[in-house]
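Structure of the sequence below:
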Amino acid sequence: MIQIRSADDRGRTDWGWLDSRHTFSFGDYHDPSQMGFRTLRVINDDRVKPGAGFGTHGHRDMEILSYVLDGALEHKDSSGGGGVIRPGEIQFMRAGTGVTHSEYNHSKAEPVHFLQIWIVPDARGLAPAYGQLAFDLAAARRSFVLLASKDGRDGSVQVHQDVDLWVTRVGSGERRELPLRPGRHAWVHVARGSASVNGTVLHEGDGAAVSAEEKLTFLGESEAELLVFDLA
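Next up is the predicted model:
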């Protein structure tokens, strides 16, 4: 079973310096029917103008991932974490018992486009933590690359939840499959381009909730970049 979340149906925040599209309820956008999927709570598709960004603010009890599509994002937090991430990298912050942080467009000339992802942890009151991972973009063009997992296998970011986050890039006409274990669910987010998922075509910004399927079969409609969350 596949249920589509169209890019056009997402919530939107436009503050001038920020243009954000919300797959699930976030901030001033609230839809009781869109409160997340399984333990996946937030996917914000953010575009930030040059030199602008989110000033220091706080979070707690959430696993937060940032994935840059274009440009560069600068992060600083109260746990001592910080760095600049670019395409081909993913950043992780465990808010745990509480952390304050800021995120800015690192460039004064070019916009930054990134995805902010929140996952509900399997325990509260964890110690804050920070991590940054560069992954193999060339490998993502051939297969699936594991970005985050509960056990941190294959060099992925370790998160406190039973979730595997994969990335893949599928060219036009290319086919790719990802098996799903019995009882598992998946969320697919099209970061760019378009591809069919088990026969249903998705375009940039679209999402799909998948349940009771043995595998995910992707076919590129155009050059596509896909994030796949394998969830309990």
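
Just give the nearest non-adjacent residue to residue 69, would you?
Nearest non-adjacent residue to residue 69, counting by C-beta to C-beta, 6 or more residues apart in numbering: residue 113, 4.6 Å away. For glycine as for every other residue, the C-beta is placed from the backbone atoms N, C-alpha and C.

Touching, that neighbour and residue 46? I think so.
Yes - if you go by C-beta atoms under 8 Å, residue 113 and residue 46 touch, sitting 7.2 Å apart.

Comparing the two, which residue is more hemmed in?
A direct count of neighbours by other C-beta atoms under 10 Å for residue 113 and residue 46 places residue 46 higher, at 23 against 19.

count of residues packed around the closest residue to the more buried one other than its chain neighbours?
Nearest-residue entry for residue 46: residue 20, 4.8 Å, with adjacent residues in sequence omitted and distances by C-beta to C-beta, 6+ apart. Neighbour count of residue 20, defined by other C-beta under 10 Å: 19.

What residues sit buried inside the host helix or strand of residue 20?
Using DSSP states H and E, residue 20 sits in strand 18-22. Across strand 18-22, burial judged by 16 or more other C-beta atoms under 10 Å covers 18, 19, 20, 21, 22.

and if you look at stretch 216-232?
216, 218-221, 224-231.

Just give me the closest of those residues to residue 51.
Checking these against residue 51 by C-beta to C-beta gives residue 225 as the nearest, at 26.1 Å.

and the residue nearest the centre of the chain, what are its bridge partners?
Nearest residue to the geometric centre of the chain (C-alpha atoms, centre = their mean): residue 117, 4.4 Å. Here residue 117 sits in beta bridges with residue 43, residue 65, going by DSSP bridges.
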